[in-house]
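S.K.: Take a look and give me a structure for this.
(one chain, ligands or ions: 2)
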Amino acid sequence: MQSFMFVTDLDNTLVGNDAALLELNQNLGQHRKKYETKIVYATGRSLFLYQQLKREKKLLDPDALIAAVGTEIYINGSQIPDTHWSEKISAGWDEELVLSVTGCFPELIPQSNSEQNHFKVSFQLNEADAARVIPQLKLQFRRQHLDIKILYSSGIDLDIIPVSSDKGQAMQFLRQKWGFIAEDTVACGDSGNDIALFAIGEEKGIIVGNARPELLEWHRDNPGKYCYLAKNTCAGGIIEGLKYFGLME
Ligand code: GLC
Ligand code: MG
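M.R.: Ligands and ions are numbered 1, 2, ... in the order given. Below is the predicted model:
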């Protein structure tokens, strides 16, 4: 056993199977004590909604929280987003211009205020409209010379974020900060906004058994040797994957 960097999405990945979560927490907590393994949560939720989940579920305190689909990083329990990261992702981003483009699409229903930040503009978009609206949206952004990233998750959530931000790039920022090589890093997820965790490099990946079609489709089109497709759901799938990679007994 050795030290590694453990990165996991929360909803329907770490959280969703309470018995398995308890088992995984015990294991990871001990691993962190013994080997200084780092625990990172990478979620679409804002800090506000993360804290809400923390009141509902038994979660270990992470060494870092990647929040708001990678637009914010909170290190060591800090309540203030890491400024190095904010500076890094600000290049080429224009919040006003993004809002002026999205304002022309009545299909886009703004999410609650807590889920918006200066680097993340989020909507709900029906699955029935998505295939038509997303290409149109991309075209309009191109016309405005806006190089941004659009993420669509779980058949409903649409996030618009800076091109240099997502969960995967935030993971690499922390990995380099803490000096972990890609091979000693493992990321877990279940939906569209987690694709960035698996697509970015040679980090190991665990896709839980209850993964959404958009992630499974991506995995089918990108069969990499670094990704393990688990049979068990949520934390049960994570345990299965960690054992597969020899990171848990
Ligand atoms: C979380 C966030 C939401 C985001 C979604 C997908 O539910 O609260 O803002 O759109 O994740 O990334
Ligand atoms: Mg999820």
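S.K.: From here on, just use CA atoms for contacts and neighbour counts.
M.R.: OK.
S.K.: what about the helices in the protein?
M.R.: 18-35, 47-56, 83-89, 95-102, 127-143, 167-178, 195-199, 213-221, 234-244 (DSSP state H).
S.K.: Next, format those helices as a markdown table and append distance to residue 108, mean pLDDT and mean neighbour count.
M.R.: As requested, the helices of the chain are arranged in a markdown table below (distance: least, C-alpha to C-alpha, whole Å; pLDDT from 0 to 100; neighbours: other C-alpha atoms under 10 Å):
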| stretch | distance to residue 108 | mean pLDDT | mean neighbour count |
| --- | --- | --- | --- |
| helix 18-35 | 34 | 96 | 15 |
| helix 47-56 | 21 | 98 | 14 |
| helix 83-89 | 24 | 97 | 14 |
| helix 95-102 | 7 | 96 | 14 |
| helix 127-143 | 9 | 96 | 14 |
| helix 167-178 | 23 | 97 | 20 |
| helix 195-199 | 22 | 95 | 23 |
| helix 213-221 | 20 | 94 | 15 |
| helix 234-244 | 30 | 98 | 23 |
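S.K.: Include distance to ligand 2 when you put these into a markdown table, please.
M.R.: Below are those laid out as a markdown table (distance: least, C-alpha to the ion, whole Å):
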| stretch | distance to ligand 2 |
| --- | --- |
| helix 18-35 | 15 |
| helix 47-56 | 13 |
| helix 83-89 | 22 |
| helix 95-102 | 25 |
| helix 127-143 | 17 |
| helix 167-178 | 12 |
| helix 195-199 | 11 |
| helix 213-221 | 10 |
| helix 234-244 | 9 |
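S.K.: and residue 114, which of those is closest to it?
M.R.: With C-alpha to C-alpha as the measure, helix 47-56 is the member of these nearest residue 114 (6.8 Å).
S.K.: Nice, that's everything, thank you.
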